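Enquirer: Give me the fold of what follows.
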Amino acid sequence: MKTKKILRPTPKKPRGKEAAFTHEAQFAAFIMTRQILIADGSTQTRIGLSKLLRSLGARAENIFLAANYEAAVGAIHSRRPELIICDYRLGAENGLKLIHHQKRQFLDDNANLFILVTAEAGEAAIAEAAEEEIDSYILKPFTITGFKEHLIGAALAKLNPDPYRQCLQQAKLRLAEGQAKPAAVLLEGALKLSPTPSLAHYYLAQALLLENHFEKAEASFRKGLSYNPAHYRCLTGLFDLLIERKMRKEAYAVGQQLINAFPLTPSRLEDLITLAMQNELFRDTSRFFQLHQEMDYRTPSLTQCMSAALLVSAKHFLEDQKKEAAILFFENAITAAARSGRSHEMLEKTILTLLEYGELGLADRFLGHFPLDHRHRPEFLRAEFMILNESASLDKILTQGRNLLKKGVHDPAIYEILVKRALQAKLKRAAETMAYEAATLWPDNKARFLKLIEEI
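Expert: Below you'll find the predicted structure:
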C-alpha cells in the first residue's frame with residue numbers, strides 16, 4: 001500500500017509591512033542586551049539616535065552618549081559597546097580611530113556593529129574602502145526613518161549574510177584551520193558572486209601566502225585594489241607582504257596610500273618610519289612626527305623609533321650643512337621622546353651629536369633646554385662635562401671630572417677624557433689609577449682603557 005504523500009505549503013517570504021515587522025523583531029532581539037555608544041558632536045543627533053534605538057528595543061541604561069573623541073574612547077574601555085554609531089569627524093579626531101579601540105575589547109567581533117556617519121562623498125569613499133573594518137556608513141543629512149532602515153539593514157546583513165559573505169565566512173574558517181587549498185576553492189567561487197570582490201581577493205591572497213606563493217598573493221592583493229584602490233584590507237595585506245619581501249620602495253609607496261586614507265595604528269606608523277629611514281627619506285620624518293604627536297595611543301616602541309629617526313634625520317641635515325633644519329629635527333626628537341618621559345636622554349644624545357660635529361655653541365644652547373629640576377640627573381651632568389671638555393681649562397676639566405666620579409656619575413667616556421687629560425697634565429699616576437678603575441668597571445673595554453696608558 002502506497003503511503004499518501006502529504007503536500008505542505010511552501011512558506012511565503014514576508015513582504016511589505018509584514019517584512020518590515022519581521023526585520024524589526026529580529027533587530028529588537030539583536031539589540032536588546034547590547035551595550036551601545038553614540039559618538040557625535042551634535043546634541044540633537046545624539047538625542048535623536050538614542051530615542052530611535054530605544055524605540056527599536058534598546059534599553060536606555062545600555063546607551064552611552066559621547067560628545068567628543070576622548071569621551072568615546074573612555075566609554076569603549078569602560079562599557080565595551082558592541083554597537084558603535086559615530087561621526088567621521090569628532091572634533092579634530094577621526095571617528096574611524098575608534099575601530100581599533102573596539103577591536104582591542106573583543107576577540108570575536110562577528111556580533112558587533114560599527115556604523116560610521118559621514119558628511120561628504122570623500123569620507124564615504126574611505127568608509128566603503130574600510131570593508132569589514134566598519135559594517136556600514138550613512139551620509140548626512142539623513143532622516144530618522146532613513147537611518148532606521150539603514151541600521152536594521154546593516155544588522156540583518158551581518159546576522160543573515162548573502163551568498164558572497166557566507167562564502168567568505170566559510171573560507172575564513174578554513175584559513176583559521178590552516179586549510180589553504182579548500183579556502184582557495186571557496187574564494188575562487190566567491191569572486192563570481194560580487195561585482196567588486198576586493199575582500200575575496202584579500203582572503204585569497206592569505207590562502208596563497210599559507211602555501212608560500214608570494215608573487216601570486218601580491219597579484220591577488222593588487223587585483224583587489226583594482227576594484228577599489230583604497231581597499232583597507234588589500235592595502236594592509238600588500239604592505240605587510242612587501243615589507244616581508246624587503247621590497248622597501250614599493251612598500252613605502254603603499255604605505256603612503258594607507259596614510260592618506262586611514263588612521264594609522266602605532267605598529268603601522270613604526271613600519272613607515274623604518275621604511276623612510278631605509279629609503280633615506282629624512283624629510284618625511286617631519287610628517288610622521290606630526291602623526292605621532294596626534295595619536296591618542298602610542299607604544300613605547302613607536303616613540304623610541306620616532307625619536308631615533310628624528311635624531312638620524314637631524315644628523316643628515318648637519319652633514320648637508322642645513323643647520324636650521326637640523327635644529328628643528330633635534331627639537332622634534334626631544335619632544336617625541338618626552339612622550340615616554342625620556343626627553344633628558346634625547347637631550348644628552350643631541351648634545352653629544354652636536355659636539356661630534358663641532359657645534360659647541362648649539363650644544364651649549366641645547367644644554368639650557370634641561371629643566372632646572374633635571375639638572376641633578378646624570379644625563380645633564382655628563383652633557384655639561386662634555387661641553388666643558390671642549391671649552392674649559394685643563395684644571396677645570398680635571399676638577400669637574402673628579403667631582404662627577406665622587407657623585408657616582410660613572411661613564412666610560414668621562415673616564416676616557418679624564419685619563420687623557422691627566423696624561424696631558426703629566427699626572428701619570430692619576431691617569432693609571434683611573435684607567436685601571438675603568439677597566440674594572442667595564443671589563444669588556446679593558447683593552448681600550450689600558451691602551452691609553454701603555455706608553456707611560
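Enquirer: contacts for stretch 53-66?
Expert: 24, 27-29, 31-40, 46-47, 50, 72, 74-75, 79, 81, 148, 151-152 (C-beta atoms under 8 Å, 6 or more residues apart in numbering). Bear in mind the C-beta positions are built from the backbone N, C-alpha and C, glycine included.
Enquirer: Export that stretch to CSV, keeping only CA atoms.
Expert: What follows is stretch 53-66, C-alpha atoms only, in CSV (Å, rounded to 0.1, in the frame of the first residue of the first chain):
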residue,chain,number,x,y,z
LEU,A,53,17.3,52.9,19.3
ARG,A,54,15.1,52.8,22.4
SER,A,55,12.0,52.6,20.1
LEU,A,56,13.7,49.7,18.4
GLY,A,57,14.2,47.7,21.6
ALA,A,58,17.5,49.0,23.1
ARG,A,59,17.5,49.6,26.9
ALA,A,60,18.1,53.2,28.0
GLU,A,61,20.7,52.1,30.6
ASN,A,62,22.7,50.4,27.8
ILE,A,63,23.1,53.6,25.7
PHE,A,64,26.1,55.9,26.3
LEU,A,65,26.3,59.3,24.5
ALA,A,66,29.7,60.9,23.8
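Enquirer: Just the buried residues of that stretch, please?
Expert: Leu53, Leu56, Gly57, Ala58, Asn62, Ile63, Phe64, Leu65, Ala66 (16 or more other C-beta atoms under 10 Å).
Enquirer: what's the answer for stretch 403-420, then?
Expert: Those would be Leu404, Val409, Asp411, Ile414, Tyr415, Glu416, Ile417, Leu418, Val419, Lys420, for stretch 403-420 by 16+ other C-beta under 10 Å.
Enquirer: One more: stretch 73-81?
Expert: Within stretch 73-81, judged by 16+ other C-beta under 10 Å, the buried ones are Val73, Ala75, Ile76, Pro81.
Enquirer: repeat for stretch 329-347
Expert: 329-330, 332-337, 339-340, 342-347.
Enquirer: State the distance from the spatially closest residue to Gln105 that is not a sequence neighbour to Phe64.
Expert: Nearest non-adjacent residue to Gln105, counting by C-beta to C-beta, 6 or more residues apart in numbering: Arg80, 4.8 Å away. Remark: distance between Arg80 and Phe64 (C-beta to C-beta, to the nearest Å) = 11 Å.
Enquirer: Need the overlap of contacts for the two.
Expert: Gln35.
Enquirer: can you give me the helices for the stretch 351-456 of the chain?
Expert: Here the stretch 351-456 of the chain has its helices, by DSSP state H, counting those that start in this stretch, at 360-367, 378-391, 394-406, 412-424, 428-441, 446-452.
Enquirer: Distance to Lys216 added to those, as a markdown table?
Expert: Listed next are those as a markdown table, based on distance: least, C-beta to C-beta, whole Å:
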| stretch | distance to Lys216 |
| --- | --- |
| helix 360-367 | 52 |
| helix 378-391 | 52 |
| helix 394-406 | 62 |
| helix 412-424 | 53 |
| helix 428-441 | 57 |
| helix 446-452 | 53 |
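Enquirer: the strands in the stretch 1-150 of the chain, which residues?
Expert: 36-39, 63-66, 83-87, 89-90, 93-94, 113-118, 136-139 (DSSP state E, counting those that start in this stretch).
Enquirer: Out of these, which gets nearest to Met306?
Expert: strand 93-94 (19.6 Å; C-beta to C-beta).
Enquirer: Direction included, what does that closest one pair up with?
Expert: Strand pairing for strand 93-94, using DSSP bridges, gives strand 89-90 (antiparallel).
Enquirer: quick one, which of the helices of the stretch 351-456 of the chain is nearest to Ala176?
Expert: Across these, closest to Ala176 is helix 378-391 (C-beta to C-beta), at 48.7 Å.
Enquirer: Could you list the buried residues of that closest one?
Expert: Pro378, Glu379, Phe380, Leu381, Arg382, Ala383, Glu384, Phe385, Met386, Ile387, Leu388, Asn389.
Enquirer: Kindly state the domain boundaries assigned to the protein.
Expert: 31-160, 161-255, 392-456 (automatic domain parsing).
Enquirer: Any chance of a markdown table for those domains, columns mean pLDDT and distance to Ser301?
Expert: Output for the domains of the chain, formatted as a markdown table (pLDDT from 0 to 100; distance: least, C-beta to C-beta, whole Å):
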| stretch | mean pLDDT | distance to Ser301 |
| --- | --- | --- |
| domain 31-160 | 84 | 16 |
| domain 161-255 | 94 | 16 |
| domain 392-456 | 92 | 26 |
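Enquirer: With distance to Glu270 as added columns, please give those domains in JSON lines.
Expert: Formatted as JSON lines, these follow (distance: least, C-beta to C-beta, whole Å):
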{"stretch": "domain 31-160", "distance to Glu270": "15"}
{"stretch": "domain 161-255", "distance to Glu270": "11"}
{"stretch": "domain 392-456", "distance to Glu270": "30"}
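Enquirer: To Gln290, which of these lies closest?
Expert: That would be, of the domains of the chain and by C-beta to C-beta, domain 31-160, which comes in at 12.3 Å.
Enquirer: which other residues reach stretch 310-326?
Expert: 277, 280, 282-283, 285-286, 289, 327, 329-330, 332-333, 336, 346, 349-350, 353-354, 357, 359, 362.
Enquirer: Now, those residues that are in helices?
Expert: Judged by DSSP state H, the subset of these located in helices is 277, 285-286, 289, 327, 329-330, 332-333, 336, 346, 349-350, 353-354, 362.
Enquirer: For Asp296, see how far away the closest residue to Ala392 other than its chain neighbours is.
Expert: Spatial nearest neighbour of Ala392, excluding adjacent residues (C-beta to C-beta, 6+ apart): Gln400 at 7.5 Å. Distance of Gln400 to Asp296, computed by C-beta to C-beta: 44 Å.
Enquirer: When those two are compared, which one has more neighbours?
Expert: Of the pair Gln400 and Asp296, Gln400 is the one with more neighbours under other C-beta atoms under 10 Å, namely 17 against 12.
Enquirer: tell me the contacts of the more buried one?
Expert: Phe385, Leu388, Ala392.
Enquirer: cool, and Leu281?
Expert: Tyr252.
Enquirer: give me phi/psi at it?
Expert: phi -100, psi 70 (degrees, to the nearest 10).
Enquirer: if we can go back for a sec, what would the strands of the stretch 1-150 of the chain look like in TSV with distance to Ser220?
Expert: Below are the strands of the stretch 1-150 of the chain laid out as TSV (distance: least, C-beta to C-beta, whole Å):
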stretch	distance to Ser220
strand 36-39	35
strand 63-66	39
strand 83-87	31
strand 89-90	34
strand 93-94	29
strand 113-118	26
strand 136-139	26
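Enquirer: nearest to Ala447, of these?
Expert: Nearest to Ala447, of the strands of the stretch 1-150 of the chain and by C-beta to C-beta, is strand 93-94 at 55.5 Å.
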